[in-house]
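**Student:** Curious how this folds, go ahead:
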Amino acid sequence: FGTSFSDAGKYLQTASKVGKILRGIREVDEELAEAIVGNKSADTIIGPMGKAHGFIQRLDRERRALMVTQVSTTVRNVATAGVRLSMDTAADLMESALYQIGRGADAGMTGNAPTVAVQHPTSIIRDAFGKVARLAQVTDTADLADALLKHNPRLANRMDRSLQEVGSDQSLSDITRTLNGLNIAQDLFFRRAIFTDSIDKRMRRAGVIVDNPGKGQFKSLEEFAASGRALPAKVLADAVDDSLAFTFSRMPKPGTGKAGDTVGHYFIKFNEAIGPVPGPVGTAAFPFARFMVNALQFQMKYMPTSLVTAGYRTMMGTYTKRLAATSEALGKTDLSKKQALVAQRAFDEARQDFSKGIMGSAALYMAVQYRANNQDIKFYQGKNDDGSTTDLRPFFPLTPYLALADVIVKATSDQPAPIDGQEFL
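**Tutor:** Sure, this is the predicted structure:
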């Protein structure tokens with residue numbers, strides 16, 4: 001038809017870029033995306049059958065949301081958040097120390113970065129305890145989050161209205177939302193703190209927030225918000241994702257490159273599409289699939305295996321950094337900048353993996369010690385001072401560490417004990 005392979009390739013490349021742009025628009029403002037490309041949902045295509053299926057899904061969402069309206073659920077969620085906050089704080093402390101030391105070393109060798117680790121050691125404390133500080137200032141943090149999101153109401157709605165198994169774009173009755181009031185309140189308490197701290201940390205490392213601000217810089221995130229300037233949608237979206245992930249409510253997105261996102265996304269969608277039918281799949285078997293995927297992603301990061309990925313990312317970052325230096329020497333400035341960004345991203349991820357891997361290793365070690373001394377009780381139980389036991393299964397992430405520790409203890413014992421597979425699962 002008069003079209004060469006080269007032309008076809010250019011067309012497909014352009015279509016791919018357009019697709020990425022539209023996906024970005026849909027992520028930030030779904031109404032705008034629908035105005036551009038139209039609504040292509042299955043319900044509008046298959047008519048009455050689609051509406052019937054949508055009605056069943058709506059009832060199923062109500063059912064699953066009502067399952068977690070008890071006060072005890074809120075208490076468990078707060079306890080889980082407390083454990084996660086402690087682990088995140090320790091990992092952030094380690095990651096920030098590595099970051100600041102790395103910048104100091106780079107400054108000493110190349111002069112390309114200020115020695116902030118020496119001049120401003122409080123940066124490490126701010127990175128590590130920023131979440132805790134934001135949590136302590138409840139009203140100020142809420143006002144700051146609202147100010148930062150006032151230019152993007154869709155992302156504000158996503159952070160404020162997402163429940164653990166129900167996204168902000170999914171309908172739910174006012175009665176069910178009211179009954180979930182305690183859960184929503186405690187979720188917002190943590191999400192706003194994580195959201196504001198995430199942005200503050202990004203802006204400080206980007207040099208926008210500094211102790212002695214110059215033109216285009218600010219002394220604090222509050223000062224930036226007061227200026228009325230809008231943050232890039234990508235920065236806000238990433239911070240909202242961080243806040244939802246902290247409360248195990250983030251919807252995984254396919255193609256992000258984050259471990260478990262693609263598989264997790266389709267696992268959740270598949271279960272929701274099947275609904276509450278009896279069997280090994282569907283929301284009857286996995287009523288809290290979103291929490292499960294988020295929990296597994298958290299567990300994968302806070303494990304000794306993250307030390308391996310940290311080593312791999314460090315090697316890739318070092319290799320790419322050398323490529324960037326070679327490209328710069330050859331006069332390929334644009335390519336050198338792109339490679340330098342890729343290298344920096346690899347080093348950032350390596351620090352995070354290393355810090356979380358160390359924390360995960362410490363948690364697993366303590367769990368092994370505990371199980372080695374308490375083989376007379378089930379792995380998911382905790383022994384009280386009076387000899388009674390407490391079921392620890394509701395308190396994530398304690399039980400997964402104890403389960404793996406129990407397997408290690410039994411497998412390495414001089415007299416290996418049988419492992420109850422059903423109990424383990």
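**Student:** Gly382 in helix, strand or coil?
**Tutor:** At Gly382, secondary structure determined by DSSP: H, G, I helix; E, B strand; the rest coil is strand.
**Student:** show me the contacts for it.
**Tutor:** 389-390, 392, 398 (Cβ atoms under 8 Å, 6 or more residues apart in numbering). Any C-beta I mention is one placed from the backbone N, CA and C, and that applies to glycine too.
**Student:** In those residues, which residue is surrounded by the most others?
**Tutor:** Leu398 (19 neighbours; other Cβ atoms under 10 Å).
**Student:** From Ser306, how far out is that residue?
**Tutor:** Using Cβ to Cβ, to the nearest Å, we find Leu398 at a distance of 19 Å from Ser306.
**Student:** can you check Asn271 too?
**Tutor:** Relative to Ser306, and taking Cβ to Cβ, Asn271 is found at 27 Å.
**Student:** Show me what the helix or strand containing Leu404 is packed up against.
**Tutor:** Following DSSP states H and E, one finds Leu404 within helix 398-412. Where contact means 3 or more Cβ pairs under 8 Å, 6 or more residues apart in numbering; DSSP states H and E, helix 398-412 is packed against helix 333-373, helix 421-424.
**Student:** how about a cut-off of 10 Å?
**Tutor:** Under the contact criterion of 3 or more Cβ pairs under 10 Å, 6 or more residues apart in numbering; DSSP states H and E, helix 398-412 touches helix 71-110, helix 289-301, helix 333-373, strand 381-383, helix 421-424.
**Student:** With distance to Ile184 added, can I get these in a markdown table?
**Tutor:** Output for the helices and strands packed on helix 398-412, formatted as a markdown table (distance: least, Cβ to Cβ, whole Å):
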| stretch | distance to Ile184 |
| --- | --- |
| helix 71-110 | 10 |
| helix 289-301 | 15 |
| helix 333-373 | 28 |
| strand 381-383 | 29 |
| helix 421-424 | 34 |
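**Student:** deepest of the ones you listed, which one?
**Tutor:** helix 289-301 (a mean of 20; mean count of other Cβ atoms under 10 Å).
**Student:** What are the buried residues along the next helix or strand after that helix?
**Tutor:** Downstream of helix 289-301, the first helix or strand assigned by DSSP H and E is helix 305-329. In terms of neighbour count (16 or more other Cβ atoms under 10 Å), helix 305-329 has its buried residues at 306-307, 309-310, 313-314, 316-317, 320-321, 323-324, 327.
**Student:** what's the answer for stretch 244-261, then?
**Tutor:** Buried residues in stretch 244-261, defined by neighbour count with 16+ other Cβ under 10 Å: 244-252, 260-261.
**Student:** Least confident of those?
**Tutor:** Ranked by pLDDT, those bottom out at Gly260, which has 86.
**Student:** ok, now which ones touch it?
**Tutor:** 252, 267, 293-294, 296-301 (Cβ atoms under 10 Å, 6 or more residues apart in numbering).
**Student:** Need the residues you listed in a markdown table (columns: distance to Ala411).
**Tutor:** Shown next, in a markdown table, are the contacts of Gly260 (distance: Cβ to Cβ, whole Å):
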| residue | distance to Ala411 |
| --- | --- |
| Pro252 | 32 |
| Phe267 | 29 |
| Val293 | 28 |
| Asn294 | 29 |
| Leu296 | 22 |
| Gln297 | 26 |
| Phe298 | 25 |
| Gln299 | 20 |
| Met300 | 21 |
| Lys301 | 24 |
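**Student:** So which of those is the closest to Ala52?
**Tutor:** Phe267 (24.0 Å; Cβ to Cβ).
**Student:** check contacts around that closest one.
**Tutor:** Residues near Phe267 by Cβ under 10 Å, 6+ apart: 252, 260, 281, 286, 289-290, 292-293, 296.
**Student:** do the same with Glu95
**Tutor:** Counted by Cβ under 10 Å, 6+ apart, Glu95 has contacts 88, 124, 127-128, 348, 350-356, 358.
**Student:** list the contacts for the nearest residue to it once chain neighbours are set aside?
**Tutor:** Excluding the flanking residues, the one nearest Glu95 by Cβ to Cβ, 6 or more residues apart in numbering is Ser355, at 4.1 Å. Going by Cβ under 10 Å, 6+ apart, Ser355 touches 88, 90-99, 301-302, 306-307, 310.
**Student:** just to revisit the earlier point, in helices only, show me the contacts of Gly382.
**Tutor:** Of the contacts of Gly382, the ones assigned to helices by DSSP state H are Leu398.
**Student:** Would you format the contacts of Gly382 as JSON lines with distance to Thr74 and pLDDT included?
**Tutor:** Below are the contacts of Gly382 laid out as JSON lines (distance: Cβ to Cβ, whole Å; pLDDT from 0 to 100):
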{"residue": "Thr389", "distance to Thr74": "23", "pLDDT": "92"}
{"residue": "Thr390", "distance to Thr74": "18", "pLDDT": "90"}
{"residue": "Leu392", "distance to Thr74": "18", "pLDDT": "90"}
{"residue": "Leu398", "distance to Thr74": "18", "pLDDT": "90"}
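**Student:** So of the contacts of Gly382, which two are at opposite extremes in space?
**Tutor:** Farthest apart among the contacts of Gly382 - using Cβ to Cβ - are Thr389 and Leu398, which lie 13.5 Å from each other.
**Student:** Name the residues of stretch 162-182 that come out as buried.
**Tutor:** 162-168, 170, 172, 176, 179-180, 182.
**Student:** and that stretch, how far apart are its ends?
**Tutor:** With Cα to Cα, to the nearest Å as the measure, the first residue of stretch 162-182 is 13 Å from its last.
**Student:** which residue sits closest to the residue positioned nearest the centre of the chain, ignoring its sequence neighbours?
**Tutor:** Among the residues of the chain, the one closest to the centroid is Ala245, at 3.7 Å (Cα atoms, centre = their mean). Of all residues not flanking Ala245 in the chain, Asn294 sits nearest, at 6.2 Å (Cβ to Cβ, 6+ apart).
**Student:** surely the one you found meets Lys258?
**Tutor:** No: if you go by Cβ atoms under 10 Å, Asn294 and Lys258 don't touch, sitting 11.2 Å apart.
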